[in-house]
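Peer 1: Would you be able to build a 3D model of this:
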Amino acid sequence: MSWIALVFAGLFEIGWAVGLKYTVGFTRLVPSLATLAAMGVSLGLLALALKTLPLGTAYAIWTGIGTVGTALVGMILFGEPSDALRLACIGLIVAGIVGLKLLSPH
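Peer 2: Residues are numbered from 1 along each chain as shown. Here you go, the predicted structure:
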C-alpha cells in the first residue's frame with residue numbers, strides 16, 4: 001500500500017509542477033487552487049508512504065517520478081527540447097528509481 005501511495009504522490013507532484021506554469025505566478029484563481037490542492041495531496045500521500053518506507057528511498061523516488069514526469073510533460077505540452085542526450089538523462093533517472101525500488105527492503 002505504501003508503494004501505491006508513493007507512486008500517486010509522485011503523479012500529483014507532476015500535476016502541481018505543471019500546474020505552476022498555468023497559475024501565472026498564482027495570479028489565476030482556478031489553476032492556483034488546483035495546484036495548491038495537488039500539492040496537498042502529493043505531500044499527504046508522501047507522508048502516508050513514509051510511515052513504512054525508508055525516508056531516503058521514498059523521497060528520491062517521489063522526486064524522481066516528479067522530475068521525469070514533469071520533463072516529459074514539458075516536452076509534450078510546451079515543446080521543450082527532447083534530444084537524445086536529454087532523453088538519456090531521463091532514462092538514468094528512471095534507472096535510479098527502479099534500482100531504489102528493487103533494493104528497498106519493503
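Peer 1: Can you check which helix is longest in this structure?
Peer 2: For the chain, the helix with the greatest residue count under DSSP state H is helix 55-78.
Peer 1: Pull out the buried residues from the helix or strand just after that helix.
Peer 2: Note on helix 55-78: by DSSP states H and E, the next helix or strand toward the C-terminus is helix 84-103. For helix 84-103, burial by neighbour count (16 or more other C-beta atoms under 10 Å) applies to Ile90, Ile93, Ile97, Leu100. Every residue, glycine included, has its C-beta placed from N, CA and C.
Peer 1: which outside residues touch the longest helix of the chain?
Peer 2: With contacts defined as C-beta atoms under 8 Å, 6 or more residues apart in numbering, helix 55-78 is touched by 2, 6-7, 9-11, 13-14, 17-18, 21, 42, 46, 49-50, 80-82, 86, 90, 93-94, 96-97, 100-101, 103-104.
Peer 1: Can you check the pLDDT for Leu48?
Peer 2: If you check Leu48, the pLDDT there is 98.
Peer 1: need the contact list for it.
Peer 2: Ser2, Ala5, Ala9 are the contacts of Leu48 under C-beta under 8 Å, 6+ apart.
Peer 1: hmm, try it at 10 Å
Peer 2: Shown in contact with Leu48 (C-beta atoms under 10 Å, 6 or more residues apart in numbering): Met1, Ser2, Ile4, Ala5, Leu6, Phe8, Ala9.
Peer 1: For it, give me phi and psi.
Peer 2: Leu48 has phi and psi values of phi -60, psi -50 when expressed as degrees, to the nearest 10.
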